[in-house]
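> kindly return the folded structure for what I paste below:
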Amino acid sequence: MNDVDLINIIKRSGLISDEQIQHARQEQQESGDALEDILLRHHLVEEDRLLDALSQAIGVPWMEIPPKIQPSVINLVPAEFALRHCILPLHQQNGSLTVAAVDPTDLQVFDDLRMLTGCEIEVVMARRKELLENIERYFGASIEKLIANLSTSDDNEIKASDNIEDLQELAREPTVVNLVNLIIFQAVQENASDIHIEPFTNELKVRYRIDGMLREMPPPPKHLQPAIVSRIKIMAEMDIAERYTPQDGHIRLRMADRELDFRVSTIPTVHGESVVMRILDKTNVLLEIEDLGFYKDTEEQFVRMLHRSYGIILVTGPTGSGKTTTLYAALNRIQNPAVKIITIEDPVEYNIEGINQMQVNPKRGLTFANGLRSIVRQDPDIIMVGEIRDFETAEIAIRSALTGHLVFSTLHTNNASGAVTRLMDMGVDPYLISSSLACVLAQRLVRKNCVKCKEPYIPDPEMMRLSGYTIPPGVTVYKGTGCEHCHHQGYKGREGIFELLVINDAVRDLILTRPSANQIQQIANITTLREYGWKKVLDGTTTVEEVVRVSQEDEMGEGS
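Below you'll find the predicted structure:
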């Protein structure tokens, strides 16, 4: 059940006020918790009354979870399926299986469960916390349990093999299928952006990238390496017979109410194939500009730039700094039926309704430059080029901007002023840059303090020295101490720090003299990434250590 349906039912039942709902939604945006959990945690509604209202509205009864559920009933539902869809089998009688579900309205899940178990499915609701605790009790920590069982088992049936038919058979073994599914499921549950499966001499490492940092998970048994890699390659429609050249593939999955795409990449290493799976959650990408982490003055400046009729707007930063998300948020803000927007991307990460999106395909001769030439002939008002990588693409983008198009793109530079020198290094004439460039937004992502466990702290003196700043008298700074909500990391979620260079007359004149990045930065007098991050330290959003970490390379300068 989505939040809109839940809110409508609550409103109709008169359980809480609109103001209380609004406060709960605000907390949900900050914490990422389920709306129902927030309502119950703050005692805004009695759970039994809420269940009564939901039961009456959707026609699904609710019941107490029995203190003990028979193992034969639990074993009817695979752990991966139960965890993915948050369901708990309660009892079986006369060919009917009663299951409690967090979302009793997802009919497709129960159709799948009917096929899976061969039973008629009777759906009920239960108290949310009690239900989740019992799902965890019977199915939880399944990766750790499964790996522990495999590691201590004397069953050596699954062995490494170079035979392709053997690998195909091993990849379909229930143990391997369940393990791969659970690795993927847990990564999604923990909001990981990437899954890394890396072979070494005596172990197979599994690591998740969460909030930009890699976190090591329990390693599967080394002898399962060929089977696990083959299983992932089969899912991604890759060639399992080819193990000595890099490959790319794609997996599309639906988990509960989330549409997920996985970009899969394999490379050969001395100990076998290394696999990285990039997780793209289509339900979470279309943020609003207000959700990116801008302070109000920077946000207003940037939004003004979005409403220009022509010119180039560049977003810069290293891989993984959120450039694509910012561009999508910008397009989402300005799209309307009166304008035509076309993008060319590599790859198209998320589909946006109402925008024409094109994916580059070098094997068929469709490069950024060739695609951009064709886009211009499609009479667009706004163009987005995924990345400017060479002189040809840069020149076409600039000439498109000079002929009345608003063009968005990205560059890999350390700071905003470095984008100008990068374009000149590509061979673009300074007068073309000066005439076409509207603004450059450099950005990084900083991890946010966990709202559940952040406490006042005194930063390390060395970190303060590296930051170049001092904490004003009377100001308290904060750091997360680690709790279950943030998996004991102290951080939960990320948001941007920014450096906005608006090309005014003074900067335009300077560009004609082929200046260094430092000269541009000085005359533009812009707030640097480090300065922007320091503001977030002072308002309690993040820590000194985090700002120093993500802005260190920027302080070294570029093109000076």
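> going forward, measure contacts and count neighbours with C-alpha atoms only.
Fine.
> helix or strand: which one has I267?
strand 258-269 (DSSP states H and E).
> which residues does the next helix or strand after that strand contact?
Next in sequence after strand 258-269, counting helices and strands by DSSP H and E, comes strand 272-281. Strand 272-281 is contacted from outside by 188, 192-200, 229, 243, 258-268, 349-350, using Cα atoms under 8 Å, 6 or more residues apart in numbering.
> and the strand holding I267, how far from the chain's centre?
Mean-position distance between strand 258-269 and its chain equals 14 Å (Cα atoms, centre = their mean, to the nearest Å).
> buried ones in that strand?
Neighbour-count burial for strand 258-269, counted by 16 or more other Cα atoms under 10 Å, picks out 260-266, 268.
> adjacent strands (with direction) for it?
strand 247-255 (antiparallel), strand 272-281 (antiparallel) (DSSP bridges).
> closest one of the buried residues of strand 258-269 to H487?
Ranked by distance to H487 (Cα to Cα), the buried residues of strand 258-269 are led by L260 at 22.7 Å.
> please save the CA atoms from stretch 429-444 in PDB.
Taking Å, rounded to 0.1, in the frame of the first residue of the first chain, the C-alpha atoms of stretch 429-444 are listed here in PDB:
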ATOM      1  CA  ASP A 429      37.900  28.600 -28.800                       C
ATOM      2  CA  PRO A 430      37.600  31.000 -25.800                       C
ATOM      3  CA  TYR A 431      35.200  33.300 -27.600                       C
ATOM      4  CA  LEU A 432      32.800  30.400 -28.200                       C
ATOM      5  CA  ILE A 433      33.000  29.400 -24.500                       C
ATOM      6  CA  SER A 434      32.500  33.100 -23.400                       C
ATOM      7  CA  SER A 435      29.500  33.500 -25.700                       C
ATOM      8  CA  SER A 436      27.700  30.200 -24.800                       C
ATOM      9  CA  LEU A 437      28.400  29.200 -21.200                       C
ATOM     10  CA  ALA A 438      25.700  30.300 -18.800                       C
ATOM     11  CA  CYS A 439      26.900  28.600 -15.600                       C
ATOM     12  CA  VAL A 440      28.800  25.800 -14.100                       C
ATOM     13  CA  LEU A 441      27.700  23.800 -11.000                       C
ATOM     14  CA  ALA A 442      30.400  21.700  -9.300                       C
ATOM     15  CA  GLN A 443      29.200  19.300  -6.700                       C
ATOM     16  CA  ARG A 444      30.100  16.500  -4.300                       C
END
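> all numbers from here: first residue = 234
Shifting the count to begin at 234 puts that one at stretch 662-677.
> residues of the helix or strand encompassing V548 that come out buried?
Assigned by DSSP H and E, V548 belongs to strand 544-549. Within strand 544-549, the residues that qualify as buried by neighbour count (16+ other Cα under 10 Å) are 544-549.
> buried ones in whichever helix or strand comes after that strand, by neighbour count?
Using DSSP H and E, the helix or strand that directly follows strand 544-549 along the chain is helix 556-567. Taking 16+ other Cα under 10 Å as the neighbour-count basis, helix 556-567 is seen to contain the buried residues 556-566.
> closest one of those to G328?
The shortest approach to G328 among those belongs to T558, at 48.6 Å (Cα to Cα).
> isn't the closest one up against E521?
No. Between T558 and E521 there is no contact under Cα atoms under 8 Å: 9.6 Å.
> for A652, which non-adjacent residue is spatially closest?
Setting aside the residues directly before and after it, A652 is nearest to T646 in space (Cα to Cα, 6 or more residues apart in numbering), at 6.0 Å.
> who's in contact with the one you found?
T646 neighbours (Cα under 8 Å, 6+ apart): 549-551, 652, 655, 675.
> just the closest of those to G707, please.
Once Cα to Cα is applied, the member of those that ends up nearest G707 is A675, at 31.3 Å.
> hang on, the closest one packs against N647?
Yes. Contact criterion Cα under 8 Å: A675 and N647 qualify, at 7.5 Å.
> who's more crowded, those two?
Neighbours per residue (other Cα atoms under 10 Å) separate A675 from N647, with A675 holding more: 31 against 24.
> is that one in a helix, a strand, or coil?
Following DSSP: H, G, I helix; E, B strand; the rest coil, A675 is assigned to strand.
> then Q534?
Reduced to three states by three-state DSSP, Q534 is helix.
> check I465 too.
The three-state label given to I465 by three-state DSSP is helix.
> residue contacts, it?
V413.
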